Structures are given as structure tokens and as C-alpha cells.
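*Asks:* generate a structure from the sequence data that follows.
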Amino acid sequence: MKLSLFKVLPVAVAGLFVGSAANAQETQTSATKFRTWSIGVNAGVLTPLSPLGGKNDFSNNKSSLGYGLYIKKQFTPYFSLRLDGVRGKLKGDNTEAYESGLVNNSPVRAFDTELSYSASLNAVVNLFNIDLFKKENALQLYTSVGAGLAGYKPTITTAAGTFDYAGDKTISELIIPVGVGAKFKLSDAINFDLGWTINYVDGDNLDGYYRGSNDKYNYAYAGLEFALGTGKQLAFHNPVAVTYDEAVKAKQTADALKSDLDAQKSENAKLRSEMADILKDSDGDGVADKLDKCPGTPAGTVVDGSGCPLKTPEKVVEKVVVTEADRKVVADAIKNLEFDLGKATIRQKSYATLNRVAALLIEKNFSLKLAGHTDNTGSKALNLRLSKDRAESVKAYLVSQGANASRIEATGYGMGQPIATNKTAAGRQQNRRVEFTLY
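*Replies:* As a prediction, this is how the structure comes out:
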């Protein structure tokens, strides 16, 4: 019986984890920041019996003080793993008869067991949200199951006197804790916890009276849980309500947009009719017939504002000469350009070489193209925005030093044009860059 129980436990815990993992993707991709780590302290009553059935070795089991602590990691709103530790005492004797009136004539009259430790890893499943349409509930019911190890030292009393059951040895045996509880959220960081756990022991030494069956003890407790980090608690988050609210808002937005679109279509039709007459241009020279003083201008003729042919002088293009010294100034700026991690903020150590680029642009009236690039860490949209912001940040700095803003072009290409492999840290470092091109 006890061996089959421990064989079934890993399968049960694995099933709980797989069942809860279906919600993991929603949790990880949510824009909201959640608290997922917590610690708890509690105190309560330890009793060496199980009210769910089974025979008790002593007719008068006493309640004693127990205390414990735990560390918990919340993986989804419904599933967490909790590492529990409990200490205390377990006591019982035969000074009273069983409820049936039967007197216990056991050779062991009383026992006093020091529970040195009780450590277990438990899978905790939140049963349901009290209000399905509330984004965050204040009350959460849960159940738990796990496995662990208990170490204890029984002291027994017989007709011969009181002595240690196992000498000075601490007995260590496997336990299976099964529990239920209710948690009340007092704030984003503190919960009030009520729980009850029945611990099934893989042995019959807990009370110092061996009869070949399994001992058990239960722990009813109250305590406080402290959620670590910032944000809301994931355990009290209700994704069903969030999804419902988003669906309602999306429908309201769609209805409003449809109404606006219908009104805009009607207005546009009226405006198109009026503008068609005002903008009619029979000769296609770009000047409306009502303003065209030279109608019938041949196609391709450059005209002035009145629609008459305009002769413009040929544009004189000044040849731009970029020297090796100019290229070195730009190369030094690229080499020394650094930003804050994940931001477009230029670090102060880059100012000196950027100042020389600004001076070069002012002196020789060069044009400059800035091209921002990133590695493939993060989403495509995020990298495209970051590369554009960094290029714009460099442009803004150069303009602040006197460069002509109209001669500087800033473009972001994201992670689409790598110059090295993104599989290594060195390659990704090379891909995170802003290129300077003088012309």
C-alpha cells in the first residue's frame, strides 16, 4: 500500500504541472509585471492523527505547537511549486478511552516526539477565482500535494519508565503531505494564509509504537505570505477577466470606428465631387484650369504658378571630396560610440569623438547618413525602433554641436543587415552599431 502511494505521487505532480502549463504562454507574454516569488511564515497546531480515517495507536492524541516557513515560485495564475519546512512536537497517551469506550491497553502508555524537521516540495494548484469577471481577486482557494522527508526523535513511556525510542538517533522517513487552504490578499505584498496539511509517513515509528501500519500527523496553521519584487501578484491574477475586458473594449472600439468610418465616407464623397471641379487640369501641367493663364501647355513642360512655361538655370553640383583624414575622424567616432544597455542614451565617453565629427560637418559642409543596426536579441519591432532611436540620438547630438540638421539623415534598419554572426557574443557586439557615411 505505502509503496504504491509513492509510485503514484510523481505521476500526479507531473500531471498537475502539465495541466497548468497551458496558461504559461499567456503569463509570460503579458505586458503586466507580476510578483512570482514569495516567502511565508506560519504557526499552528500539530496533531498525531488523521481525521480522514485509519487507526490511531493512542486513544488520547494531544495538540501541540508547530511552526514553519516556505519559499514559493508561482509559474502561472493556477500553478506553483512550494518548498515547506515545519518543526514542533507531537504528543499522545492512553489516559482516556477511545470514543467507542474501548480502553487502549498498549504496552506504550504515552509518547512525546520532537519533530526536528519536516521538509517537502509541494505542487500547489489554485482551484478557481471567486469572481470570474474580476481581474484580481482578494480570496484564493488552493490544494497541494508533494513529497519530502521528516526527521524526528520519539520518547516513550512504558511500565518500565520513560526512555528514548531510538536512543539518540534521529529517525528519517519519507512523507507525503496533502493539503488545502485559503489565502486572503491584504496588499500587493502581503497575504494572510490559512491551511491544513495531512502528512502520511512511510513508516510506523513516529509515535514509538510499531504495529506495521503507517503513521500520520496533521498541521493546521495560520500565517503571513510576503510577495517579493514589484507589481501585482500572479497568484491572484485572473486571465479570464482580462481577456473578457479586452474583448468588450475591442468590440466597443470597432463599433465606434465603424460609425466614424461611415460618416467619413459620406463626407469624403461630397468633398471629392467639389474638389474634382476645382482641381480640373486639362493640360496636366499641375495648375488648375481656373488658374492656368497658358492653357494647352505641352506635356512635360516646366511651368510657373500661373501655368506658363518656366526656364530654369541648370543646377551647379558642387563636388564633395572626402579625404582619408575625414574618414579617420568618422571611424574614430564609430569605434568609440557607446549607448546605455537597451537604450538610445549616448554615454559621455563618446562625446569627444562625436564633437570632432560635428566640427568636420560644419567646416566642410558635408552631408552625413547615420544607419542604426542591432543584433537579433529581442523582437523585430523592438530592434527596429531601438536602431532608429539610436541613429536619431546621434543626429540630435551632432545638431546640438552646431551641425546642419538638414544635411544629416538618420535611419534604423533593426537586425536585418548583420555584418557578423549572431550566434556568438562577439558577433552580436559587432552587429550592434551605428554606421556613418560622409557624402
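
*Asks:* show me where pLDDT drops low in this structure?
*Replies:* Low-confidence segments of the chain (pLDDT under 70): 1-31, 53-55, 128-135, 240-248, 311-318.

*Asks:* where do the helices of it begin and end?
*Replies:* Using DSSP state H, the helices of the chain run over residues 2-20, 24-29, 239-278, 324-336, 351-364, 380-400, 425-431.

*Asks:* most tightly packed of these?
*Replies:* helix 380-400 (a mean of 18; mean count of other C-beta atoms under 10 Å). Placement of C-beta: from N, CA and C, glycine included.

*Asks:* circling back: need the helices of the chain in a markdown table (columns: distance to Leu52).
*Replies:* What follows is these, written out as a markdown table (distance: least, C-beta to C-beta, whole Å):
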| stretch | distance to Leu52 |
| --- | --- |
| helix 2-20 | 14 |
| helix 24-29 | 33 |
| helix 239-278 | 32 |
| helix 324-336 | 72 |
| helix 351-364 | 73 |
| helix 380-400 | 53 |
| helix 425-431 | 56 |
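
*Asks:* of the ones you listed, which is nearest Ala299?
*Replies:* helix 239-278 (21.0 Å; C-beta to C-beta).

*Asks:* other SSEs contacting the closest one?
*Replies:* Of the remaining helices and strands, none touches helix 239-278 by 3 or more C-beta pairs under 8 Å, 6 or more residues apart in numbering; DSSP states H and E.

*Asks:* may I see the buried residues of stretch 35-51?
*Replies:* Across stretch 35-51, burial judged by 16 or more other C-beta atoms under 10 Å covers 35-36, 38, 40, 42, 44-50.

*Asks:* and for stretch 141-159?
*Replies:* 142, 144-148, 150, 152-157.

*Asks:* now, the residues you listed that are in strands?
*Replies:* The strands, defined by DSSP state E, take in 142, 144-148, 150, 152-157 from those.

*Asks:* leaving out chain neighbours, which residue sits closest to the residue of the chain most remote from its centre?
*Replies:* No residue in the chain sits farther from the centre than Cys294, which is 68.6 Å out by C-alpha atoms, centre = their mean. Spatial nearest neighbour of Cys294, excluding adjacent residues (C-beta to C-beta, 6 or more residues apart in numbering): Cys308 at 4.0 Å.

*Asks:* next up, the contacts around Ile334.
*Replies:* With contact set as C-beta atoms under 8 Å, 6 or more residues apart in numbering, Ile334 has these partners: 433-436.

*Asks:* and the gap between it and Pro239?
*Replies:* 46 Å (C-beta to C-beta, to the nearest Å).

*Asks:* repeat for Arg35
*Replies:* 16 Å.

*Asks:* can you check Lys258 too?
*Replies:* Distance from Lys258 to Pro239, by C-beta to C-beta: 28 Å.

*Asks:* could you do Ala381 as well?
*Replies:* 24 Å.

*Asks:* with Gly300 instead?
*Replies:* 63 Å.

*Asks:* equivalent analysis for Leu361, please.
*Replies:* 53 Å.

*Asks:* which ones are touching the closest residue to Lys395 other than its chain neighbours?
*Replies:* Leaving aside its sequence neighbours, Lys395 sits nearest to Ala410 (C-beta to C-beta, 6+ apart; 4.3 Å). Residues in contact with Ala410 (C-beta under 8 Å, 6+ apart) are 370, 372, 388, 391-392, 394-395.

*Asks:* can you redo the residues you listed as TSV with distance to Phe184?
*Replies:* TSV is the format used below for the contacts of Ala410 (distance: C-beta to C-beta, whole Å):
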residue	distance to Phe184
Leu370	56
Gly372	50
Lys388	48
Ala391	52
Glu392	50
Val394	53
Lys395	55
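
*Asks:* so Lys91 sits right up against Pro154, yeah?
*Replies:* No - contact status for Lys91 versus Pro154: not in contact, 10.4 Å apart, counting by C-beta atoms under 8 Å.

*Asks:* okay, and the common contacts of those two?
*Replies:* Common contacts of Lys91 and Pro154 (C-beta under 8 Å, 6+ apart): 111-113.

*Asks:* the residues you listed in strands, which ones?
*Replies:* 111-113.

*Asks:* need the buried residues of stretch 35-51 in TSV (columns: distance to Ala425).
*Replies:* Shown next, in TSV, are those (distance: C-beta to C-beta, whole Å):
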residue	distance to Ala425
Arg35	31
Thr36	28
Ser38	34
Gly40	39
Asn42	45
Gly44	51
Val45	55
Leu46	53
Thr47	57
Pro48	58
Leu49	59
Ser50	56
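
*Asks:* sort out for me which of these are in strands.
*Replies:* Those of the buried residues of stretch 35-51 lying in strands (DSSP E): 35, 38, 40, 42, 44-47.

*Asks:* which one of these is nearest Gly414?
*Replies:* Arg35 (32.7 Å).

*Asks:* so what's that closest one up against?
*Replies:* Per C-beta under 8 Å, 6+ apart, neighbours of Arg35: 74, 188-189, 227-234.

*Asks:* what's the answer for Asp188, then?
*Replies:* 35, 227, 231-233.

*Asks:* out of the helices of the chain, which is closest to Val103?
*Replies:* The nearest among the helices of the chain, by C-beta to C-beta, is helix 2-20 at 29.0 Å.

*Asks:* could you dump the contacts of Ile334 to a markdown table with distance to Asn218 and neighbour count?
*Replies:* Listed next are these as a markdown table, based on distance: C-beta to C-beta, whole Å; neighbours: other C-beta atoms under 10 Å:
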| residue | distance to Asn218 | neighbour count |
| --- | --- | --- |
| Arg433 | 64 | 20 |
| Val434 | 65 | 21 |
| Glu435 | 69 | 16 |
| Phe436 | 72 | 21 |
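
*Asks:* for the residues you listed, work out which two are farthest apart.
*Replies:* Arg433 and Phe436 (9.9 Å).

*Asks:* mind checking how far Gly161 is from Tyr200?
*Replies:* 31 Å.

*Asks:* can you pull the phi and psi angles for the residue farthest from the centre of the chain?
*Replies:* Dihedral pair for Cys294: phi -130, psi 70, per degrees, to the nearest 10.

*Asks:* distance check, the residue nearest to Val399 when sequence neighbours are not counted against Gly416.
*Replies:* Spatially, and ignoring its direct neighbours in sequence, Val399 is nearest to Ala405 (4.6 Å; C-beta to C-beta, 6+ apart). Ala405 is 26 Å from Gly416, where distance means C-beta to C-beta.

*Asks:* and for Tyr142?
*Replies:* Tyr142 sits 47 Å away from Gly416, going by C-beta to C-beta.
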